[in-house]
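>>> sharing a model prediction with you, sequence too.
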Amino acid sequence: MMDIEQVIERSRRLEDLLRQYYHAKGTDLTQLVHSCDNRFPDDVSSKLNEINIIHQKLMTEDGFDIDNYQLFMDLCAECEVELMPRSSRLVWGAAVLLLGGITLAALGFYFYHWQHITL
């Protein structure tokens, strides 16, 4: 039973990523992937389709068992990493680095010239 819960949880997480970051429209993973499949690489689209096939078989067929559960979980993890936008981390990292550099430069300037400053 734990496998079914994990498959549903991972599928829902991927659906949420598609809705939130790619503005996908639809009710299930198939519709979501097809509504925005031109926005991400082909390998991600095929991986999402594989995940959807396993999810649909698990939901509709009685007694369906995932052959390689760990492979499925790794596939879901790869898709999550590839679907997460990376630009925001890069932009925030550059902003923090720039702000820290300017702050250190200002502190160094005031530390060096503090005795010469008169108010």
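Good, I have the coordinates.
>>> how near is the residue sitting nearest the centre point of the chain to residue 17?
By Cα atoms, centre = their mean, the chain has its centre lying nearest to residue 84, at 2.4 Å. With distances taken as Cβ to Cβ, to the nearest Å, residue 84 is found 7 Å from residue 17. The way it works is simple: take the backbone N, C-alpha and C, and place the C-beta from them, glycine included.
>>> cool, and residue 91?
19 Å.
>>> likewise for residue 3?
From residue 3 across to residue 17, the span is 21 Å (Cβ to Cβ).
>>> who has more neighbours, these two?
residue 17 (18 against 13; other Cβ atoms under 10 Å).
>>> so residue 25 is in which element?
Counting by DSSP states H and E, no helix or strand carries residue 25.
>>> which ones are touching it?
31-32, 35 (Cβ atoms under 8 Å, 6 or more residues apart in numbering).
>>> out of the residues you listed, which are inside helices?
Here DSSP state H is the test, and the contacts of residue 25 give 31-32, 35 as lying in helices.
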